[in-house]
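**Q** Predicted structure and sequence below. I'll ask about it afterward.
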Amino acid sequence: MKRLASVAVVAGATLALAVVLVALGGEGDGAQAAPAAQATTVQVTVQQFSVTANPSSAPAGAVDFVASNTGSISHELVIIRTDLSPDALPVVGNTVDESGAGVQVIDEIEPFAPGTQQTRSVNLAAGKYVLICNLSGHYQAGMRRGFTVTEATATATPTATATTTATPTATATTTATPTATATVTPSPTATPTATPTPTPTPPPGGTTVQVELKEFSVTANPTSAPAGEVQFVASNTGAIDHELVIIKTDLAPDALPVVDNKANEDSPGVQVVDEIEEFDPGRQETKSVNLAAGKYVLICNIVGHYEAGMRTAFTVTGATATSTATPAATATPATTATPPPTAPKTATSTPTKTATPATATPAAPPPSGGGSIGGDSGLPTAAWAAIAGGAALVLTLAAGGLALARRRSTGS
């Protein structure tokens, strides 16, 4: 009887232990199932000309970037892994060199319109990152922000400890690892320094038009020109890069067709005549073109700039004909006929018994002042003097001849 009682006690204890172990085993399986890691959401704001991120760091793993464009033009978001400072990324032209040394592009949100929001989910390893807008000139204008990804926080798995006693105790120990938060200090935005540019010489016979480009407007002075050679002198007085596109069109300046946040330069009714490629703030560029009469629109067609207001109308009128005045022929005054010289009257000698030689009457002296004699005859004084002298000589010789003839006649 005692033996049977002992067997029953052992059997009961064994059964109880089995039940406890099964229960503990079930609890252990439940403790090992870890919940899936949730993505960290980062709110990013892009605008002229800054990038902000909240929070400015996240643990390694899935990160959802929710980018909101609160500016007035299109922007993009490029996620770059780099150990370089946010303001020290290599630049080629007016954009960051995304294939430069020390620069690894992880992902990006393509340019999106103002007032809209875009989301990008990426899996990031621990390290340093920079968030930028890499549209032309935007990075240099200040659109950059440092971002840090820390090591992922380890999750402890509870451990169940079973004993051979009837009431085993399970002890679970969880150790929390604090997450380090990196504080990113925004880099100061460099202020572009204007480089003085000599004033261009206007083309011979052409028209010079001064064009000002800035965020976000285009102005032209004058707003029209006659057909022919036109020199556009474009000055970038803004803080980012701009360009000047000269378009001939009958469409209103704000009615050009748009594709991907830019005016569609290949659209019907749009004829691109010429352009000045994008250039730095503080600089001046010149373009001379030969324009026919018609309507034109001057725009900056960098992504988002046209839609933000960088457009203005320009008119080319018909060329003004330049007439060359032919001087009127000068009438040649009629030649005044010079009357023939009037022979001076000859004194007639009355013969007497005694021949008296005739005395020649001397010519009248010329008038003073060097004028001409003979009224309107036009002969100079010297000519008249010569004529008078000759006449006097003739008279003298004639009188002498008459006297000689009389003496001979008397003698005979």
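**A** That came in fine, so what should we check first?

**Q** okay, CA-based contacts and neighbour counts for the rest of this
**A** Noted.

**Q** Next one: residue 278 from residue 298, what distance?
**A** Computed as C-alpha to C-alpha, to the nearest Å, the residue 278 to residue 298 distance reads 14 Å.

**Q** Compare those two (neighbour count), which wins?
**A** residue 298 (24 against 21; other C-alpha atoms under 10 Å).

**Q** residue contacts, the residue nearest to the more buried one when sequence neighbours are not counted?
**A** Once flanking residues are discounted, residue 298 sits nearest to residue 246: 5.0 Å by C-alpha to C-alpha, 6 or more residues apart in numbering. Residue 246 sits next to 272-275, 296-299 when contact means C-alpha atoms under 8 Å, 6 or more residues apart in numbering.

**Q** 10 Å instead?
**A** Residues counted as contacts of residue 246 (C-alpha atoms under 10 Å, 6 or more residues apart in numbering) are 232, 271-276, 289, 296-300, 314.

**Q** my guess is residue 83 contacts residue 129, does it?
**A** Yes - using C-alpha atoms under 10 Å, residue 83 makes contact with residue 129 at a distance of 7.4 Å.

**Q** Need the overlap of contacts for these two.
**A** Common neighbours of residue 83 and residue 129, using C-alpha under 10 Å, 6+ apart, are 103-104.

**Q** got any ranges where the stretch 251-400 of the chain has weak pLDDT?
**A** For the stretch 251-400 of the chain, the stretches with pLDDT under 70 are 320-386, 394.

**Q** Helices of that one, residue ranges please.
**A** Using DSSP state H, counting those that start in this stretch, the helices of the stretch 251-400 of the chain run over 305-308, 381-411.

**Q** What are the boundaries of the helices in the stretch 1-150 of the chain?
**A** 2-32, 138-141.

**Q** Domain ranges for the chain, per the record?
**A** 40-150, 207-317 (automatic domain parsing).

**Q** Let me see the mean pLDDT of the first one.
**A** Right, the one you point to is domain 40-150. For domain 40-150, mean pLDDT is 96.

**Q** on that earlier part again, select from the helices of the stretch 1-150 of the chain the stretch with the lowest mean pLDDT.
**A** Among these, helix 2-32 scores lowest, at a mean of 50.

**Q** What sits closest to residue 223 if chain neighbours are left out?
**A** residue 314 (5.3 Å).

**Q** From residue 292, how far off is the residue nearest to residue 288 when sequence neighbours are not counted?
**A** Spatial nearest neighbour of residue 288, excluding adjacent residues (C-alpha to C-alpha, 6+ apart): residue 231 at 4.2 Å. Look at residue 231 and residue 292: by C-alpha to C-alpha, they are 14 Å apart.

**Q** Show the contacting residues for residue 90.
**A** By C-alpha under 10 Å, 6+ apart, residue 90 lies in contact with 84, 96-103.

**Q** at 7 Å instead, please
**A** The contact partners of residue 90, taken as C-alpha atoms under 7 Å, 6 or more residues apart in numbering, are 96-97, 100.

**Q** Pull out the buried residues from those residues.
**A** residue 96 (16 or more other C-alpha atoms under 10 Å).

**Q** Check whether residue 139 really touches residue 132, as I assumed.
**A** Yes - with contact defined as C-alpha atoms under 7 Å, residue 139 reaches residue 132; the gap is 6.4 Å.

**Q** Now for residue 224, how many residues are close by?
**A** 17.

**Q** tally of neighbours for the nearest residue to it once chain neighbours are set aside?
**A** Excluding its sequence neighbours, the residue lying closest to residue 224 (C-alpha to C-alpha, 6+ apart) is residue 315, at 4.6 Å. Residue crowding around residue 315 was assessed by other C-alpha under 10 Å; the count is 19.

**Q** quick one: the residue nearest to residue 288 and residue 244, what's the gap?
**A** 13 Å.

**Q** So for the two, which residue has more residues nearby?
**A** residue 244 (28 against 20).

**Q** Just to check, residue 91 is in contact with residue 97?
**A** Yes - here residue 91 reaches residue 97: they are 5.2 Å apart, a contact under C-alpha under 7 Å.

**Q** Touching both of these two, which residues are there?
**A** Counting by C-alpha under 7 Å, 6+ apart, no residue touches both residue 91 and residue 97.

**Q** Does residue 144 touch residue 51 like I think?
**A** Yes - between residue 144 and residue 51 there is a contact at 5.6 Å, judged by C-alpha under 7 Å.

**Q** For residue 207, list each beta-bridge partner.
**A** On the basis of DSSP bridges, residue 207 is bridged to residue 230.

**Q** Could you tell me the per-residue confidence at it?
**A** At residue 207, the predicted lDDT confidence score is 96.

**Q** can you give me the strands in the stretch 101-250 of the chain?
**A** Using DSSP state E, counting those that start in this stretch, the strands of the stretch 101-250 of the chain run over 104-112, 117-124, 127-132, 144-150, 207-214, 217-221, 224-226, 228-236, 242-248.

**Q** sorry, back to before: what about the residue nearest to residue 223, neighbour count?
**A** Other residues close to residue 314 by other C-alpha under 10 Å number 22.
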